[in-house]
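Novice: Next come a sequence and a model predicted from it.
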Amino acid sequence: MYLARCVLGSDEMALLVWKMAPTRFVALAALGSRPTHINSGKVMAEPLPATTFMSPAKNPPTANAIKFHQSCMRSKLAYICSLKRRRVLQNNDYRLIVKTLYGLEDILAKELLSLGGREIKTLNRAVSVVGDIGFVYKINIALRTGLRVLVPMLEFEMRDVEHYYTDIFEHPWEEYFDLNKSFAIDVVGTNDLLNHSSFAGLKAKDAVVDRFRVAKGERPSVERGTPDVPIHIHIYKRTVRVYLDASGDSLHKRGYRLKAGYAPLNEVLAAGIILHSKWNGGMPVLDPMCGSGTFLVEAALIAHQLPPNIYRETFAFHHWNGFDEQMYVKIREGLLSRAKEYDGKIIGRDMDAYALEAAAENIERAMFDDAIRIRQADFFEAEPPADKGLLLINPPYNVRIQAQTHRMYREMGDTLKAKYAGWEVYWITSDMDAIKSIGLRPSRKWNLFNGELECKLLRFDMYEGTKKIHKLKS
């Protein structure tokens, strides 16, 4: 009331305005007072640290800048700040969350930096990064170790279940996707008020549906399998964060692997292991147990500097209102223009005929049938294809493929010592006990996950003679 009087010049006019349209003119009053955080008529909020997602501080700075004597005025202005805060997509930059597999956070952070990301911070199984909508398009196409890209919509501290519903309902969902697009809500986390993720998802779904009914008179459909617009909600204690998923299907689904072997390796994990090796195409690559060829195709993509998701036809952002197809095509073509020729050796071997058939089909679909060579061969009997190179090993773990891993790993270690001097070996397994049977000391170890299986990635540097002699010679 005090600010309205200052702006409008009389108590009578201020009272009339307050009663008729208080919310709108509280914003006008705030503009008239010119506090430091109001710029060009928009209530602006200072950014939070990197662990938060483009929302203002808990106490809006506007409310701190303006001295109110009336508590009702303060609460109304705070409400306006929260409305401005939640409309994240109006800003040019977003604090994105890019999810990944455990153990690949640092690799993903380097990728994001190389693609132009800013204010990068590693989290648990994720990396936060600041970028614009073009950056969202770009990283979905180009990331090798990202699983999905999340764009923040709103963040709030819930007081009760009704408040949870109301804050999600008040978000203008109709501005982001149309009635003819399906959506689904995935919830991670619970608290004392929302003690089951299914209940939290149901309340959020009701809020989005009810918002459309009020705004459009109809509601969009819910599709649990492959929705056009996936929405993610993270709940931690009383903090609720809501995101639009820009990727849709997980980014490990490149589009080239339609036929799988018995225990296929996740594409993101395969790319992450190769990037851990720092291989850049300078020496031959051999996968002696190649299965359906995931290591081989990911190595070829890296060697040719091709974006890994170039085979995908759609991402979730294609279904958003305001999708800029011209910008997307330009970014996609720009990434493709960086591709280069590669005439090095990428070789796959396997004893299983079905696995080799699957690998051949996937390699052909990825259009690398002229760059990758595969053949049926026994690792223990076949000779190395070169004097040195990168050897990628994903042997049976005795989980999905049964094997006498202790004996097998011991014989594999003996073969490495006998035949593969000069090679760098990267070996992943979840059989921690059988690692002792390899008979080699790894120069590096990393903790990773292959699906739900906790794994070790081991690096062995194979030398002629002992490592001590090699060091003396060098």
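Specialist: That came through, no problem. Numbering: from 1, shown residues only.
Novice: which residues in the stretch 101-250 of the chain form helices?
Specialist: For the stretch 101-250 of the chain, the helices defined by DSSP state H, counting those that start in this stretch occupy 105-114, 133-142, 161-170, 197-216.
Novice: Would you reformat these as CSV and include mean pLDDT, mean neighbour count and distance to Ser182?
Specialist: Where you see a C-beta, it was placed from the backbone N, CA and C, and this is true even at glycine. Conversion of the helices of the stretch 101-250 of the chain to CSV gives the following (pLDDT from 0 to 100; neighbours: other C-beta atoms under 10 Å; distance: least, C-beta to C-beta, whole Å):
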stretch, mean pLDDT, mean neighbour count, distance to Ser182
helix 105-114, 97, 20, 29
helix 133-142, 97, 22, 20
helix 161-170, 96, 17, 18
helix 197-216, 96, 16, 12
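Novice: could I get the ones you listed as TSV with distance to Leu448?
Specialist: Conversion of the helices of the stretch 101-250 of the chain to TSV gives the following (distance: least, C-beta to C-beta, whole Å):
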stretch	distance to Leu448
helix 105-114	11
helix 133-142	21
helix 161-170	35
helix 197-216	26
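Novice: what's the closest of these to Glu313?
Specialist: Glu313 sits nearest to helix 133-142 of all these, at 11.7 Å, using C-beta to C-beta.
Novice: got a list of contacts for that closest one?
Specialist: Applying C-beta atoms under 8 Å, 6 or more residues apart in numbering, the external contacts of helix 133-142 come out as 94, 96, 98, 111-112, 115-117, 131, 146, 149, 151, 246-247, 251, 307-310, 312, 315, 317, 324, 327-328, 331-332, 335.
Novice: if we go to 7 Å?
Specialist: With contact meaning C-beta atoms under 7 Å, 6 or more residues apart in numbering, helix 133-142 is reached by 96, 98, 112, 115-117, 146, 149, 151, 246-247, 251, 307, 309-310, 315, 317, 327-328, 331-332, 335.
Novice: Filter those residues down to just the buried residues.
Specialist: In the contacts of helix 133-142, burial by neighbour count holds for 96, 98, 112, 115, 117, 146, 149, 151, 246-247, 251, 307, 309-310, 315, 317, 328, 331-332, 335, counting by 16 or more other C-beta atoms under 10 Å.
Novice: Which of the residues you listed fall in strands?
Specialist: In this view, the buried ones among the contacts of helix 133-142 that belong to strands under DSSP state E are Leu96, Val98, Val149, Val151.
Novice: which ones are touching the last one?
Specialist: Looking back up the chat, that one is Val151. Val151 touches Tyr94, Leu96, Val136, Tyr243, Leu244, Ala246, counting by C-beta under 7 Å, 6+ apart.
Novice: Point out the least confident member of the residues you listed, please.
Specialist: Scanning the contacts of Val151 for pLDDT, the low point is Tyr94. It has 94.
Novice: Is it correct that it is in contact with Pro152?
Specialist: Yes: with contact defined as C-beta atoms under 7 Å, Tyr94 counts as touching Pro152 (6.3 Å).
Novice: Same drill for these two, tell me which one is more crowded.
Specialist: The neighbour comparison of Tyr94 against Pro152 (other C-beta atoms under 10 Å) goes to Tyr94, with 25 against 22.
Novice: if we can go back for a sec, so can I have CSV of the ones in strands among the buried ones among the contacts of helix 133-142 showing distance to Lys205?
Specialist: Below are these laid out as CSV (distance: C-beta to C-beta, whole Å):
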residue, distance to Lys205
Leu96, 24
Val98, 25
Val149, 22
Val151, 19
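Novice: Need the max-distance pair from those residues.
Specialist: Across these, the longest distance by C-beta to C-beta is 10.5 Å; it joins Val98 and Val151.
Novice: mind listing the strands in the stretch 251-400 of the chain by residue range?
Specialist: 285-287, 346-350, 372-376, 390-393 (DSSP state E, counting those that start in this stretch).
Novice: out of these, nearest to Phe449?
Specialist: In this view, the strands of the stretch 251-400 of the chain are compared for proximity to Phe449 by C-beta to C-beta, and strand 390-393 is the closest at 17.6 Å.
Novice: For the closest one, name the packing helices and strands.
Specialist: Helices and strands touching strand 390-393, by 3 or more C-beta pairs under 7 Å, 6 or more residues apart in numbering; DSSP states H and E, are strand 285-287, strand 424-429.
Novice: Please repeat the previous calculation with a cut-off of 8 Å.
Specialist: Packed against strand 390-393 by the contact rule (3 or more C-beta pairs under 8 Å, 6 or more residues apart in numbering; DSSP states H and E) you find helix 267-276, strand 285-287, strand 424-429.
Novice: Run the angle between the longest one and helix 105-114 for me.
Specialist: Translated: helix 267-276. Taking axes from the mean of the first three to the mean of the last three C-alpha atoms, to 10 degrees, helix 267-276 and helix 105-114 form an angle of 80 degrees between their directions.
Novice: Helix 267-276: how far from the chain's middle?
Specialist: Computed by C-alpha atoms, centre = their mean, to the nearest Å, the separation of helix 267-276 from the middle of its chain amounts to 14 Å.
Novice: helices or strands up against it?
Specialist: Short answer (3+ C-beta pairs under 8 Å, 6+ apart): helix 267-276 packs on helix 105-114, helix 294-303, strand 390-393, strand 424-429, strand 444-450, strand 453-461.
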